[in-house]
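Asker: What would the 3D arrangement of this be:
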Amino acid sequence: MEKKITYIDEKLERNRKYSLTNGSLNFSLNVAGMNFTDKELDELKVKFTKAHAEMKKIEAGEIKNPDENRKVTHFTDGSLSSRRTLC
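Answerer: Numbers count the residues shown, from 1 in each chain. Below is the predicted model:
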């Protein structure tokens, strides 16, 4: 006999799929209640990958405002920064 998937089953599976918990960081994130489809999330992967690469450059100390010769520091993790002083 095939099990009938209920509304509750679907919600529980979505909650499991879209929840992240990192105990060592004491951090959790649950986006299961947000209105998006798997297809829409897949389409965002390229943008997320590009944003992550840009944030890593910022953390490494890259100047993001060359016309002002200054960094975007609100993303900078001081322990990862190549310099301790800000421009």
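Asker: ok, the residue lying closest to K17 once chain neighbours are set aside - how many residues close by?
Answerer: In space, and not counting its chain neighbours, K17 is closest to A32: 7.2 Å by Cβ to Cβ, 6 or more residues apart in numbering. Bear in mind the C-beta positions are built from the backbone N, C-alpha and C, glycine included. Residues lying near A32 (other Cβ atoms under 10 Å) number 14.
Asker: so how far is I58 from A32?
Answerer: Here the criterion is Cβ to Cβ, to the nearest Å. By it, A32 lies 30 Å from I58.
Asker: hmm, back to that, I figured the residue nearest to K17 was touching E13, is that so?
Answerer: No: A32 lies out of contact with E13 (Cβ atoms under 8 Å); the separation is 9.3 Å.
Asker: what ranges do the helices span in the protein?
Answerer: Applying DSSP state H to the chain gives helices spanning 7-17, 38-59.
Asker: could you check the angle helix 38-59 makes with the shortest one?
Answerer: In terms of direction (axes from the mean of the first three to the mean of the last three Cα atoms, to 10 degrees), helix 7-17 departs from helix 38-59 by 20 degrees.
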